[in-house]
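**Student:** Provide a 3D model corresponding to the input given below.
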Amino acid sequence: MDKPHGKAHQPLILDQLKIPMFDKLIGQSPNFESLLRNARMVAATDVTVLIIGETGTGKEVLANAIYLSSPRKTKPFITINCAALPEALAESELFGHRKGSFTGAIGHQLGKLKAADGGTVFLDELDSLPISLQAKLLRFLETGEIQPVGENISHHVDVRVIAATNANLAEKIKQGAFRRDLYYRLNVVPLEIPPLRERMHDVHILIEHFIRQFKAEHALPRALFGKSALNRLLHYSWPGNVRELRNVCERLCVLNDGNSIEEHHLPAEILGKQQLIDSQIVLPPEGINLEQVEIDLIRQALHRTGENRSKAAKLLGISRDTLLYRMQKYGLR
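**Tutor:** Just a heads-up that it's a prediction; the model follows:
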């Protein structure tokens, strides 16, 4: 991993990154700048976008920036968390229903796709969309038509779709949990947000940004980091990505009001040796299958904790969200 150095980490850089609507997406690493360039080009069109990235990388922030930079910015932006849709009511939530069309339908419901007419719908956690609803979403994407539950007539709506997932959709397709044709229809322009560990040069810039933000939000003195504490933050693997970094910065700023933040003030997960990028593990001369090692360690942790995912994540030195992401990625149950 490259070490942070030079002018790329000076606070003044933040003032040079203020791109309209994309100013919440901060970073200068080449892979992140490439992502932003592509996102700005995509924003000017109506093309369907699939945002891919681990938990905490900023998928919804990117989706919102694309919307606010698009010709549809004066129209509705509606977020639909597919993981929170009750399967029995998912069709009604998306497409609407007529009064009396099913038990409990005591009135007409417009549906979120109709409510977003002229605007943009953000389908978050796309991989959690019930398989029974995926064919209907595919038809909507192909025709622009919706048919509310209990109606025989279709209605045309003009909606741009941005979807996001932290799952390996190719693996989901193999498992029969996601439709291949829907994947191809949504994956017109894929935008993959790199995890923070793959753009470590941006950690210092983000820390400076969050310090300024929390100083203003909480009326606090500017936080000052000791050299060893800052070094730890710059070399931590950040499994929770930007969200984790933001939360850590806020906690440190609030709990160390005006005092210098030293290494011993840092959270235990950052001080834990297993989380440092500079690992002491020695790679054998014959090499290893890294994916299989990770799968084996996850299985061992789950077995040792009686399938308790929170405890297993703690054993592995990662967040529960990261463990769930990796279990989905490798098809582990």
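**Student:** wait, Ile193 touches Glu60, no?
**Tutor:** No - here Ile193 does not reach Glu60: they are 10.8 Å apart, not a contact under CB atoms under 8 Å. Where C-beta positions appear, they are placed from N, C-alpha and C, glycine not excepted.
**Student:** looking at these two, which one has more neighbours?
**Tutor:** Ile193 (26 against 15; other CB atoms under 10 Å).
**Student:** what sits closest to that one if chain neighbours are left out?
**Tutor:** The shortest distance from Ile193 to any non-neighbouring residue, by CB to CB, 6 or more residues apart in numbering, is to Gly53 (3.5 Å).
**Student:** how about Gly58?
**Tutor:** Val242 (5.4 Å).
**Student:** burial measure for the one you found, as a count.
**Tutor:** 24.
**Student:** kindly report the same for Gly272.
**Tutor:** 12.
**Student:** what does Asn168 give?
**Tutor:** So Asn168, with other CB under 10 Å, has 19 neighbours.
**Student:** could I get the contacting residues of it?
**Tutor:** Contact analysis of Asn168 by CB atoms under 8 Å, 6 or more residues apart in numbering lists 328-329.
**Student:** same check, this time on Glu263
**Tutor:** 226, 228-229, 232, 271.
**Student:** mind giving me the ChimeraX command for buried ones among those residues?
**Tutor:** Remark: buried members of the contacts of Glu263, expressed as a ChimeraX selection using 16 or more other CB atoms under 10 Å:
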select :229,232
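**Student:** how about TSV for the contacts of Glu263, with distance to Glu91, pLDDT and secondary structure added?
**Tutor:** TSV is the format used below for the contacts of Glu263 (distance: CB to CB, whole Å; pLDDT from 0 to 100; DSSP: H, G, I helix; E, B strand; the rest coil):
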residue	distance to Glu91	pLDDT	secondary structure
Gly226	55	90	coil
Ser228	55	90	helix
Ala229	51	91	helix
Arg232	49	90	helix
Leu271	48	86	helix
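**Student:** tell me which of the contacts of Glu263 is nearest to Asn308?
**Tutor:** Checking the contacts of Glu263 against Asn308 with CB to CB, the nearest one is Leu271 at 23.4 Å.
**Student:** picking that back up, so how far is Ile295 from the residue nearest to Gly58?
**Tutor:** In this view, Val242 and Ile295 are 26 Å apart by CB to CB, to the nearest Å.
**Student:** kindly report the same for Ala167.
**Tutor:** From Ala167 to Ile295 the distance is 16 Å (CB to CB).
**Student:** which stretches of the stretch 151-300 of the chain have low pLDDT?
**Tutor:** Applying pLDDT under 70 to the stretch 151-300 of the chain picks out residues 273-286.
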